[in-house]
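>>> Take a look and give me a structure for this.
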Amino acid sequence: MSAKAEHYDVIRKPIITEKSTMASENGAVVFEVAMDSNKPQIKEAVEALFNVKVKAVNTTITKGKTKRFRGLMGKRKDVKKAYVTLEEGNTIDVTTGL
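Okay, here's the model as predicted:
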């Protein structure tokens, strides 16, 4: 498998919410990432895919909620988010896509 395909396996998709928009004003971008990825992998993938310099990576794991679907109990998947802070002068426009 190519290196670029591996980077796309680490970074699933950008997360566009009110909170992530507020973070982007401080030079941070939020991505949904693979559960088994670590901070150095995330940093390498973002730098390779978007040609930017990453200052820091913070991660959170959100546990999936238990929800009722058609009367049966189900569970949403757990999600790992990466808050990627970029160096000064670097930007990623997540609204346009890759």
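>>> okay, CA-based contacts and neighbour counts for the rest of this
OK.
>>> Sketch out the low-pLDDT regions of this protein for me.
1-2, 94-98 (pLDDT under 70).
>>> where do the strands sit along the protein?
Under the criterion DSSP state E, the chain carries strands at the ranges 11-14, 28-33, 54-62, 66-69, 72-75, 79-86.
>>> same for the first one, what does it pack against?
In this structure, strand 11-14 packs against strand 28-33, helix 39-50, with contacts taken as 3 or more CA pairs under 8 Å, 6 or more residues apart in numbering; DSSP states H and E.
>>> what separates the most centrally placed residue in the chain from residue 14, distance-wise?
In the chain, the residue lying closest to the centroid (CA atoms, centre = their mean) is residue 31, at 1.5 Å. Distance of residue 31 to residue 14, given as CA to CA, to the nearest Å: 4 Å.
>>> before we move on, back to that, so which of the helices and strands packed on strand 11-14 is nearest residue 61?
strand 28-33 (9.9 Å; CA to CA).
>>> Describe which strands the closest one pairs with in its sheet and in which direction.
strand 11-14 (antiparallel), strand 79-86 (antiparallel) (DSSP bridges).
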